[in-house]
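1. Build me a model:
(one chain, ligands or ions: 2)
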Amino acid sequence: MAFVTTDDSSNPPAKTDQAGTPLVAFRGITKVYGEGMAAVRALDGIDLTVEPGEFVAIMGPSGSGKSTCLHLIGCLDTPTDGSYRFAGVEVGALRRNQRALLRREYLGFVFQGYNLLRRTSALENVEMPLVYRRVPRRERRRQAQDALAAVGLQGREHHTSAELSGGQQQRVAVARAIVTEPALLLADEPTGNLDSTTGREIMDLLTGLNDARGITVAMVTHEEAMAAYAGRIVRFLDGRIVADEKRVADPEHSTSRRPEGGGGPSA
Ligand SMILES: Nc1ncnc2c1ncn2[C@@H]1O[C@H](COP(=O)(O)OP(=O)(O)O)[C@@H](O)[C@H]1O
Ligand SMILES: [Mg+2]
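-> Ligands and ions are numbered 1, 2, ... in the order given. As a prediction, the model looks like this:
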């Protein structure tokens, strides 16, 4: 893949992979923080596979390892043990700069706290990843405008983050994450700071991107109502996966009991 070479021009990044290759394949992934008596086994030998096009919700109580899992998928941290293949490539065998390239070319991140530059316009926030990619200014502007339109923020391009509501700020953060057309969008509690109505709007946006653009999504949440938008729910407890359920996404009935026959596994 592109990030294992240094010559981008002759070998452009492939955004889709050969059929049958999972986007994410964890085998026996373990993450230990600290040493000796203070060591914390945040992930305890997990196997996890995510196929292209999936929308996976990662659930579990506080401290169960959800964020650690997402950070490892996102190559923001390295495992203590185990194998991680991204689109067939062994991540542990990549050099640091190759991992950075993988992150830049293939992954998008959305966090609970938006992580926008406060006194900077929505447009400039969304352009930021393109600056790192050395996209020329006019092209950068056009792509950022398209991304902001895709999240429903046309007309708000020149507002600073401080002038936007929480829901709007999270939309800017989603636009910043998708402006590079990532294969995989990683979201850690993206609705955690939002009221449930605004949270649902963000979930509609993420599921729309998953459907319309085929962006694979892995999202951490502790809210069943938000997880109900996903086609699959993986549940963590004490650093282990205790349930992994494929399902029919059913946001309408997420807060009530599922109707008879409405919750079977997807075909
Ligand atoms: N950087 C870190 N240093 C030490 N311990 C950590 C660090 N990050 C997470 N942990 C510990 O690892 C465990 C899993 O944390 P985390 O993945 O953040 O859980 P979750 O996101 O499910 O709340 C917790 O016990 C947490 O305290
Ligand atoms: Mg967390």
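2. which element follows the top helix by length along the chain toward the C-terminus?
-> In the chain, taking DSSP state H as the definition, the longest helix is helix 196-213. As assigned by DSSP states H and E, the chain's next helix or strand after helix 196-213 is strand 216-220.
3. what does that next one rub up against?
-> 23-24, 50-59, 66-67, 69-70, 73, 183-190, 206, 209-210, 226, 230 (C-beta atoms under 8 Å, 6 or more residues apart in numbering). No exception for glycine: its C-beta is placed from N, CA and C like everyone else's.
4. Filter those residues down to the buried ones, PyMOL style.
-> Remark: buried members of the contacts of strand 216-220, expressed as a PyMOL selection using 16 or more other C-beta atoms under 10 Å:
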select buried, resi 23+24+50+52+54+55+56+57+58+59+66+67+69+70+73+183+184+185+186+187+188+189+190+206+209+210+226+230
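5. and the contacts of strand 216-220 near ligand 1, which?
-> K66, S67 (C-beta under 6 Å from any ligand atom).
6. re earlier: can you give me the buried ones in the longest helix of the chain?
-> By neighbour count on 16+ other C-beta under 10 Å, the buried set for helix 196-213 is T198, G199, R200, E201, I202, M203, L205, L206, T207, L209, N210.
7. repeat for stretch 31-42
-> K31, R41, A42.
8. Q154 reaches L148, doesn't it?
-> Yes. Between Q154 and L148 there is a contact under C-beta atoms under 8 Å: 6.3 Å.
9. the more surrounded of the two?
-> Higher neighbour count among Q154 and L148: L148, with 24 against 11, using other C-beta atoms under 10 Å.
10. How about the more buried one: what's its closest non-neighbour residue?
-> Leaving aside its chain neighbours, L148 sits nearest to A175 (5.0 Å; criterion: C-beta to C-beta, 6 or more residues apart in numbering).
11. Tell me what angle the helix or strand containing the one you found forms with helix 196-213.
-> Assessed by DSSP H and E, A175 sits inside helix 166-178. Helix 166-178 and helix 196-213 are oriented at 20 degrees to each other (axes from the mean of the first three to the mean of the last three C-alpha atoms, to 10 degrees).
12. Give the next helix or strand downstream of helix 166-178.
-> strand 184-188.
13. is the residue positioned nearest the centre of the chain in a bridge, and if so with what?
-> The residue lying closest to the centre of the chain (C-alpha atoms, centre = their mean) is L186, at 1.0 Å. Assessed by DSSP bridges, L186 has beta-bridge partners F109, A218.
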